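# build me a model from this:
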Amino acid sequence: MTFLLRTAHTSDLAPSELTAVRALLDDAFDGDLGEEDWEHCLGGMHTLVDDGNGRLVAHGSVVMRRVRHRERWLRVGYVEAVAVRADARRTGLGGRVMAELERVVDRAYDAGMLSASDEGAALYASRGWQVWPGRICGLGPDGVVHLPDEEGSTFVRPALAGPLDPERELVFDWRDGDVL
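Numbers count the residues shown, from 1 in each chain. All right, here's what the predicted structure looks like:
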């Protein structure tokens, strides 16, 4: 089977493509993809894999986030909504999607970050992403809030910013729904 890979900004995706992405994500996440989760993956670059017959089989996106680390606000390429259709899993498509998203992260951002599910963690670790061993926080309406539930599942990929210091916290910009 020939798979076709394409990377495009949200603004360049047709409504039918966005509908197909949403359907793939709803299926891949067993219906547990809320409206805020959907919004989190929009506004950046998407990598889509088509099965050659016009059917979407894999997707991932990278959006810009601001993360404070060591008194500096980093421009972070935050990976969202990586999914592969159930009948195409374990065929390398997740790796192909990640390779393209990593290319975007490495060329355009200070670092890459993502929050991994238990199912996805092995893919990211196999690609050199590292679990952040330090403290995770969010900058909310009432100031900095510790997010202990995000610790242990947040992965980083240092890029232009160089090494990050795990003794210093990561403070993510706030967003509705899950902060990470």
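# residue closest to the middle of this protein?
With distances taken as Cα atoms, centre = their mean, the residue of the chain nearest its centroid is V79 (1.6 Å).
# SS state for it?
Look at V79: counting by DSSP: H, G, I helix; E, B strand; the rest coil, its state is strand.
# how much space between T91 and V57?
Separation of T91 from V57 (Cβ to Cβ, to the nearest Å): 9 Å. Backbone N, C-alpha and C define where each C-beta goes, glycine included.
# settle it for me: which of those two has more neighbours?
Each of T91 and V57 has its neighbours counted (other Cβ atoms under 10 Å); V57 has more, 24 against 14.
# I'd guessed the more buried one sits against F3; true?
Yes - between V57 and F3 there is a contact at 6.9 Å, judged by Cβ atoms under 8 Å.
# what is in contact with those two at once?
V49, D50, D51, L93 (Cβ atoms under 8 Å, 6 or more residues apart in numbering).
# ok, now which ones touch the third one?
Spelled out, it's D51. M1, F3, L4, V57, A88.
# S11: neighbour count?
7.
# most widely separated two among the contacts of D51?
Greatest spacing in the contacts of D51, by Cβ to Cβ: L4 and A88 (13.0 Å).
# residue boundaries of the helices in the protein?
Per DSSP state H, the chain carries helices over the ranges 15-28, 35-40, 93-108, 121-126.
# could the ones you listed go into CSV alongside distance to R135?
Putting the helices of the chain into CSV (distance: least, Cβ to Cβ, whole Å) gives the following:
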stretch, distance to R135
helix 15-28, 30
helix 35-40, 22
helix 93-108, 22
helix 121-126, 19
